[in-house]
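> quick one, structure for this:
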Amino acid sequence: WGNKQRGAFGVRFAVAVIYACSVTALLQPQKARQAVDNEGTNLVLIGVDALRPDRLGHAGNTRNTSPHIDKFLSESLIYTQAFTQLARTYPAWTTTMSGTWPTTHGIRDNLPTADRLVPKTPLLPQVMADAGFATGFTTDDSRFSYMIPETGFQLIKQPVVGVQNFAISVNEPPFRAFHGLLHNDFGFSFLPVQAYNQAFGSSYRPEQFNEWALDGLAEISNSEKFFYALHSCVLHVPGDRVYPWYKMFGQVGYKGKNRFRSSATGTSLMVNDIESAKGEHAKRVAEQDLRIYDSGIRMADDLVGDIMSELERSGLIDNTIVVLFSDHGEELWSPDLPYKWRGPNHGFHMYGDGHGHVVFAIRFPDGRHAGKEVSSPIRLIDFAPTIAELFNLDWPAPINGEEILSLVDNPTAEDRLVYMETGLSEPRY
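Residues are numbered from 1 along each chain as shown. Below you'll find the predicted structure:
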């Protein structure tokens, strides 16, 4: 080649390299900023939607579902008999934040009308904001539960709220490779509703949501003291599992190395009549559902590990109380069901305690009560008054719950009333 040709080739090569680097940078997922230590005492609440205590390694599950959660529980005060009051997400979160029964706060369905979205009862983020705390909330699913500033949360990170969230996620296009390439800032600008949204189950990347949640922690940690609540919904039905989680625990039906495939619960194959729900076919489908459910715990477990690691790295672990809970459990198949089976699901009936029994544990910065278990029954309504006592908050209205710390040294205390109700039901259940 002559000098002219070599020069032209060099220019084209440089342009190609710059273009390739630009595209690569554009398609990279966003990395979180780092949290910083502060002076006050903080509260971090980690909520894992639909998490059953009995599927954790801590409770004896032989599958390695929860290494980070198990470590957290070994460092925490554990309430082994904790119960939700209504096994639906938004009512349960409202119960937890208000310390009142659903009959008191009035939120008894996931989708209340706009004029009823904020209950008249005080909420914990409102009370803590009035006490000078910065407040924040992050979730990966806003279909059935979301927050607005009037609830008291100042920093809110959640997927786009509205009809488009339901419409597009329910009819998610089958081009998983295409959607996989869109899980970055460029893709989110093109399709904002997909951003950090587990409703797009077959293409959702939980590790990207974890970074987003960590970035929220970094932002709120610049405050003197804060309350940061997280709500992970990866366990929620339909339970899609993307790579590598679809390969865990012997899930069946997947072949090949295509990382844009996903597994999902097979309950659409189940029939509604009771007799067929007891047969061998039902048993095989339910066993696959359980494998998928357990792999979802492992997805949520990574978030717990990432949050705790960042608290340790930043030094916030030394002045932050961390609470791990589930808003409700999940109904899983078992033999001789006295009802129609279309699960996994929750909130449709009162048979058994699979979706009423929840995880509840408190980790204190000073290691207090680490690994201790309390078997006295508690309710989600008891969370808010317990936090009010720990942080010396003045609660501005009557409250139905009671603090639970006194149960540690009084195991013979009279059992508390555990009230539960169902949400709206459907004929197919």
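
> quick one: the helices in this structure?
3-27, 67-74, 89-98, 102-105, 124-130, 163-170, 176-181, 185-190, 206-220, 280-314, 383-390 (DSSP state H).

> among those, which is nearest residue 246?
Residue 246 lies closest to helix 280-314 among the helices of the chain, at 7.1 Å (CB to CB). To be clear about C-beta, it is placed using only N, CA and C from the backbone, and glycine gets the same treatment.

> what angle do that closest one and helix 206-220 make?
Angle of helix 280-314 versus helix 206-220, following axes from the mean of the first three to the mean of the last three CA atoms, to 10 degrees, is 30 degrees.

> between helix 280-314 and helix 67-74, how big is the angle?
On the basis of the same axes, to 10 degrees, helix 280-314 is oriented at 70 degrees to helix 67-74.

> so which bits of helix 280-314 are buried?
Residues 282, 285-286, 288-308, 310-311, 314 are the ones in helix 280-314 that count as buried (16 or more other CB atoms under 10 Å).

> list the helices and strands that helix packs on?
For helix 280-314, the packing partners by 3 or more CB pairs under 8 Å, 6 or more residues apart in numbering; DSSP states H and E come out as strand 42-48, helix 67-74, helix 206-220, strand 226-232, strand 320-325.

> how far is that helix from where the chain is centred?
Offset of helix 280-314 from its chain centre (CA atoms, centre = their mean, to the nearest Å): 11 Å.

> could you pull up the mean pLDDT of that helix?
Per-residue pLDDT values over helix 280-314 give a mean of 91.

> any idea how far residue 390 is from the residue most central in space within the chain?
Centroid-nearest residue in the chain: residue 232, 1.6 Å away (criterion: CA atoms, centre = their mean). Using CB to CB, to the nearest Å, we find residue 232 at a distance of 23 Å from residue 390.

> residue 117 too?
Computed as CB to CB, the residue 117 to residue 390 distance reads 28 Å.

> over to residue 233?
Between residue 233 and residue 390 the distance is 27 Å, computed by CB to CB.

> under the pLDDT cut-off, which ranges of the stretch 201-350 of the chain? List them.
Where the stretch 201-350 of the chain drops to pLDDT under 70, the residues are 237-238, 252-278, 340-343.

> quick one on the thing from earlier: looking at residue 233 and residue 390, which is more packed in?
Ranked by neighbour count (other CB atoms under 10 Å), residue 233 and residue 390 place residue 233 first, with 27 against 16.

> just give the nearest non-adjacent residue to the more buried one, would you?
Closest residue to residue 233 apart from its sequence neighbours, by CB to CB, 6 or more residues apart in numbering: residue 141 at 3.7 Å.

> can you give me the neighbour number for the one you found?
26.

> check residue 375 too.
Counted by other CB under 10 Å, the residues lying close to residue 375 total 10.

> let's number from 43 now, not from 1
Renumbered: residue one is now 43, and that last one reads residue 417.

> is it in contact with residue 449, as I believe?
No: assessed by CB atoms under 8 Å, residue 417 is found out of contact with residue 449, at 9.1 Å.

> residue 342 and residue 113, how far apart?
With CB to CB as the criterion, residue 342 and residue 113 are 14 Å apart.

> and residue 253, by the same measure?
21 Å.

> how about residue 395?
Residue 395 is 26 Å from residue 113, by CB to CB.

> likewise for residue 338?
Taken as CB to CB, the span from residue 338 to residue 113 is 19 Å.

> check residue 458 too.
Here the criterion is CB to CB. By it, residue 458 lies 29 Å from residue 113.

> swap in residue 177?
Applying CB to CB to residue 177 and residue 113 gives a distance of 27 Å.

> before we move on, back to that, which of the helices and strands packed on helix 322-356 is buried the deepest?
Burial of the helices and strands packed on helix 322-356 is given as mean neighbour count (mean count of other CB atoms under 10 Å); strand 268-274 ranks first at a mean of 26.

> quick revisit: list the contacts of the residue nearest to residue 275.
Residue 183 is in contact with 91, 201, 239-241, 273, 275, 278, counting by CB atoms under 8 Å, 6 or more residues apart in numbering.

> and what of residue 112?
By CB under 8 Å, 6+ apart, the residues touching residue 112 are 98-100.

> can you pull the contacts of residue 83?
Residue 83 neighbours (CB under 8 Å, 6+ apart): 267, 361-363, 407, 433.

> mind redoing it with 7 Å?
267, 361, 363 (CB atoms under 7 Å, 6 or more residues apart in numbering).

> with residue 268 instead?
84, 175-176, 178, 262.

> residues touching residue 407, list them.
Counted by CB under 7 Å, 6+ apart, residue 407 has contacts 359-363.

> didn't residue 197 look like it was pressed against residue 178?
Yes: counting by CB atoms under 7 Å, residue 178 is a contact partner of residue 197 at 3.5 Å.

> lovely, talk soon.
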